[in-house]
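Colleague: Sharing a model prediction with you, sequence too.
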Amino acid sequence: MRGYSCVNRRLGRWVVSLPPTLFLLLFFVAPSLIMVVASFRFPGEYGGLAPLVEHGRWKLTLETYRFFFSDFIYAEIFIKSFGVALATTLICILMAYPLAWLIARSPKKHQDVMVLLAVLPFASNFLIRVYAWMIILGPQAAVARAVNSLLAAFGFEPVTLLFSPFAVLVGMVYVHLPFMILPLYTNLAKHDPALLDAAQDLGANAWRRFWKVTWPLSLPGIYSGSVLVFIPVLGMFAIPDILGGTGDILIGNLIKEQFLGTRDWPFGATLSLMLTLAVLVCAGLAAWLARRGVGRHA
Amino acid sequence: MIAGFELPDAGQILLDGNNIADIPPEKRPLHTVFQSYALFPHLTVAENVAFPLKMARRDKPTIKAKVHEALDSVHLSDRAHAYPHELSGGQKQRVALARSLVNRPRLLLLDEPLAALDAKLREEMQHELIDLQREVGITFIFVTHAQDEALALSHRIAVMNQGHIEQFDEPSKIYGFPRNRFVADFIGNTNMLEIEVAEATPTHLRLAVPGLGEIMAPAQEETRAGQKGWFTVRPEQVRIGPAQDRELKNHFCGKVRSFIYVGNVTTYTVELADGTPIDALLSNSAPGRARFFEVGDEVAVSWRHDAGVFLRE
Amino acid sequence: MRKNPVWLWAAALAAYAFLYLPLLIVVLYSFNDSRLNAEWVGFTLHWYTELINDTNMLVAARNSLLIAVAASLAATVLGTLAGLAIYRYKLRILPILAVTPVAMPEILLGVSLLLFFNLVFRPWLGLELGMWSVIVAHITFCIGFVTIVVRVSLLGMDESIFEAARDLGATPWQTFRLVTFPLILPAVMAGALMSFALSLDDFVITFFTAGVGVSTLPLQIYSMIKIAVTPEVNAVSTLLMLLTLGMIVLASRIHGKAIQSTGV
């Protein structure tokens, strides 16, 4: 800006924006860059990383990437994680939609309370919410026994509900449901009731009113909610760790294993980069879909 | 730019002969009344009005006295401890005015301050503003789109087009003697005829209208025969009468093409022999009878020999 | 008002039940006189007394609180600065820097910070992972939340207010002190409370950056879940839920009062 107190204004700009920028550059950007470089390094003798420069020569390799693509099991785990994320998202949509719709159609003065009630469970500790399902699905608990006696009545083998893919899925849905409810509700609350009246006036029955008016308009909310569910689920490790069996590991568990278990840090870094890539692709896809959707249905 | 929130690309802004273009907004001796009033929501009315005095580091007793005086002058002393969100639009308007005038700036900028008010309130506030300005004696610079507002409130109007000032004059001169086509067209309604000067004398002009004949117009400096230009005459200056009406010097025959009735007046659009439309305003003064002419009637439109203006561009 | 069909009510209530029943069971069994979380045997406060006598748990709780206070303070200051800077100077990179740690899966941030601390801080500064590394990690992902909250608050205001302040004689600093800051204060406080809650609650990032010596409440709960599950976990969960509930009530009270006094 030319003219008056040029110096002061420039100074003000730096004073305000520099502290957060520096902090984030140091503790977010730098670690990310180090991660990228780490994926090209050799693992250290006792785990961790080998020195970057040894005897004056850079020690870099593509070994981790070769390793990643050599064994199908890693791709398999990625695919499984995507599958779980997709399933979780779809179930969340199914469960959240009626609730969000009901709240949006309720009298304004009730809406705040209803939304708060729906989101309140999210305020409790994440581990507690997972632990709760350990109790419910535990072998001695009522649910498991009821299901098993039912199965026994039909001559089926008893199943273990806990430590299974089913438990993992339930846990994922339970933890992330509020993330779907909120954006959906926000979207549905903005719908103009006059649109539905107009549709009815023009002869549409309840189902068609929903499918042709409400659903398309709610798509942006669905996209937002899906992104808020899909991406965190992709990177989850605690839920499979607590509720899943030994074969139910997902990407998150794999990464955790590399860093804290086998201590093969370069490989862990590669896996993290793959996950980051996956997340970026999903986010980009969501943004593209949202832009397309808005253009068509706005 | 006057308030200091935009910087000019070049040039100076002179206030009392001093260039203020380089002075930051908080140091300029002028204040602004914003279109949205911009009252501080977290301060009471009294605290809002006191704000500029606090910035000028006046002492507490002085501030108290001046705030009281300012609120009195806008008739809001009883709402001194209310918060802005509790006030109506008109009341917020007045608080904004009191706040900007309390420390007697050299100049007051008003940025479409009445735009958000309904018609009745607007009119009320216009009168209040005129009174206030007279009382306070400060120059007000008023920005508005509403022409009637500009014509009613101002001592002088600047008509701007694309950043350029087309004419800066008293309202009556802006309206009655527009300097060019833009001003004539922009302010109010007018008729525009393309003409060529046939004769120019110190007392009158004779203008040739292709296809229609000649008209007499008032004399204008530096006009010579042969010049091409436009002739503009306002609808209220154009008389509409039965076809035989030949009283005024400038008259033409035509047929009524359409009309618009707005209660107090009716504007007739008359199509002349060569298709040129002329608007004529007729006051609906005769009681009980709203329309004098119907579509298709043969009429004559005419105006005085000294009405209208010749425009070169 | 349109009437809502029965099935909609049923589905919605089912969703609410799904959300709350598991938590209610946790609370219920915290009073259960049985080691196993299977059947109701009898009422007891035994697990709560065990909780109070559990030094590991108390140390973990103390650590969690310290970390939460430190992290939320720093994140609030940095996040408010960021929100102001983005609004005023229309920055483009800072918003991305601030929000990405929030949008990414937590494990990525946790792992990259683990790498960073081990590669840079340990050899160069001789620092092992500890409380400080957790605090820094928490600040990193809390900044984004505060930034967003403050920025949204600023966007919702009539920006001519800030121009008016300067027009009436206030310097940029006075404008900030007397006009901007009082008006964003509710948002700043909301951001602070949110950061506090997020920090208290965090598991994944803390898991990777805590190192050997530091335990926080979530980490403690995790190890109890994995190693030896007793209803003591239920007890601490119940207390935590009460605490969070209390904070939410407090936050909404403050928010409500702010709206009342300024209409903003």
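Modeller: Structure's in. What do you need?
Colleague: Please count neighbours and contacts with C-alpha atoms only from this point.
Modeller: Fine.
Colleague: The longest strand seen in chain B - contacts with which helices or strands?
Modeller: Counting residues, the longest strand found in chain B (DSSP state E) is strand B:250-261. Applying 3 or more Cα pairs under 8 Å, 6 or more residues apart in numbering or on different chains; DSSP states H and E, we find strand B:250-261 packed against strand B:265-272, strand B:298-303.
Colleague: Could you dump the ones you listed into a markdown table and include mean neighbour count?
Modeller: Shown next, in a markdown table, are the helices and strands packed on strand B:250-261 (neighbours: other Cα atoms under 10 Å in any protein chain shown):
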| stretch | mean neighbour count |
| --- | --- |
| strand B:265-272 | 21 |
| strand B:298-303 | 22 |
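Colleague: can these go into a markdown table with extra columns for mean pLDDT and distance to residue B:258?
Modeller: Putting the helices and strands packed on strand B:250-261 into a markdown table (pLDDT from 0 to 100; distance: least, Cα to Cα, whole Å) gives the following:
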| stretch | mean pLDDT | distance to residue B:258 |
| --- | --- | --- |
| strand B:265-272 | 90 | 5 |
| strand B:298-303 | 90 | 12 |
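Colleague: In chain B, what residue lies closest to chain C?
Modeller: residue B:26 (3.9 Å; Cα to the nearest Cα).
Colleague: Skipping its backbone neighbours, what lies nearest whatever residue of the stretch 101-250 of chain C ends up closest to chain B in space?
Modeller: Of all residues in the stretch 101-250 of chain C, residue C:169 sits closest to chain B, at 3.9 Å by Cα to the nearest Cα. Distances taken as Cα to Cα, 6 or more residues apart in numbering or on different chains put residue B:26 closest to residue C:169, at 3.9 Å, once the chain neighbours are dropped.
Colleague: Need the phi and psi values for the one you found.
Modeller: Torsion angles at residue B:26 (phi, psi; degrees, to the nearest 10) stand at phi -70, psi -10.
Colleague: burial of it, as a residue count?
Modeller: Using other Cα atoms under 10 Å in any protein chain shown, residue B:26 is surrounded by 22 other residues.
Colleague: now it: how far from residue A:177?
Modeller: Distance from residue B:26 to residue A:177, counting by Cα to Cα, to the nearest Å: 51 Å.
Colleague: picking that back up, quick one: the helices and strands packed on strand B:250-261 as CSV, columns for distance to residue B:175 too.
Modeller: Shown next, in CSV, are those (distance: least, Cα to Cα, whole Å):
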stretch, distance to residue B:175
strand B:265-272, 18
strand B:298-303, 17
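Colleague: Would you format those as JSON lines with distance to chain C included?
Modeller: Compiled in JSON lines, the helices and strands packed on strand B:250-261 are given as follows (distance: least, Cα to the nearest Cα, whole Å):
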{"stretch": "strand B:265-272", "distance to chain C": "41"}
{"stretch": "strand B:298-303", "distance to chain C": "50"}
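Colleague: With chain A as the reference, name the closest of those strands.
Modeller: strand B:265-272 (40.0 Å).
Colleague: and that closest one, what does it pack onto?
Modeller: Using 3+ Cα pairs under 8 Å, 6+ apart, strand B:265-272 sits against strand B:250-261, strand B:277-283.
Colleague: Which of these has the highest mean neighbour count?
Modeller: Comparing the helices and strands packed on strand B:265-272 by mean neighbour count (mean count of other Cα atoms under 10 Å in any protein chain shown), strand B:277-283 ranks first with a mean of 21.
Colleague: Using PDB, write out every CA atom in it.
Modeller: Output in PDB follows, covering the C-alpha atoms of strand B:277-283 (Å, rounded to 0.1, in the frame of the first residue of the first chain):
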ATOM      1  CA  PRO B 277     -41.700  10.100 -30.500                       C
ATOM      2  CA  ILE B 278     -42.200  13.100 -28.300                       C
ATOM      3  CA  ASP B 279     -43.200  12.800 -24.600                       C
ATOM      4  CA  ALA B 280     -45.600  15.400 -23.200                       C
ATOM      5  CA  LEU B 281     -46.500  15.800 -19.600                       C
ATOM      6  CA  LEU B 282     -50.100  16.800 -18.700                       C
ATOM      7  CA  SER B 283     -51.100  17.600 -15.200                       C
END
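Colleague: Show me what that strand pairs with in its sheet, parallel or antiparallel.
Modeller: In the sheet, strand B:277-283 lines up against strand B:265-272 (antiparallel) (DSSP bridges).
Colleague: Quick check: closest non-adjacent residue to residue A:144.
Modeller: residue A:137 (5.9 Å).
Colleague: burial measure for that neighbour, as a count.
Modeller: Neighbours around residue A:137, by other Cα under 10 Å: 23.
Colleague: which residues touch it?
Modeller: A:143, A:144, A:161, A:162, A:167 (Cα atoms under 8 Å, 6 or more residues apart in numbering or on different chains).
Colleague: Now the buried members of the residues you listed.
Modeller: A:144, A:161, A:162, A:167 (16 or more other Cα atoms under 10 Å in any protein chain shown).
Colleague: Let me have the residues you listed in CSV, extended by secondary structure.
Modeller: Shown next, in CSV, are the buried ones among the contacts of residue A:137 (DSSP: H, G, I helix; E, B strand; the rest coil):
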residue, secondary structure
A:144, helix
A:161, coil
A:162, coil
A:167, helix
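Colleague: for those residues, which one is nearest chain B?
Modeller: Among these, and counting by Cα to the nearest Cα, the member closest to chain B is residue A:167, at 51.6 Å.
Colleague: May I see the helices and strands packed on strand B:265-272 arranged in a markdown table, with mean pLDDT as well?
Modeller: Compiled in a markdown table, the helices and strands packed on strand B:265-272 are given as follows (pLDDT from 0 to 100):
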| stretch | mean pLDDT |
| --- | --- |
| strand B:250-261 | 90 |
| strand B:277-283 | 89 |
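Colleague: Would you reformat those strands as CSV and include distance to residue A:15?
Modeller: Listed next are these as CSV, based on distance: least, Cα to Cα, whole Å:
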stretch, distance to residue A:15
strand B:250-261, 63
strand B:277-283, 64
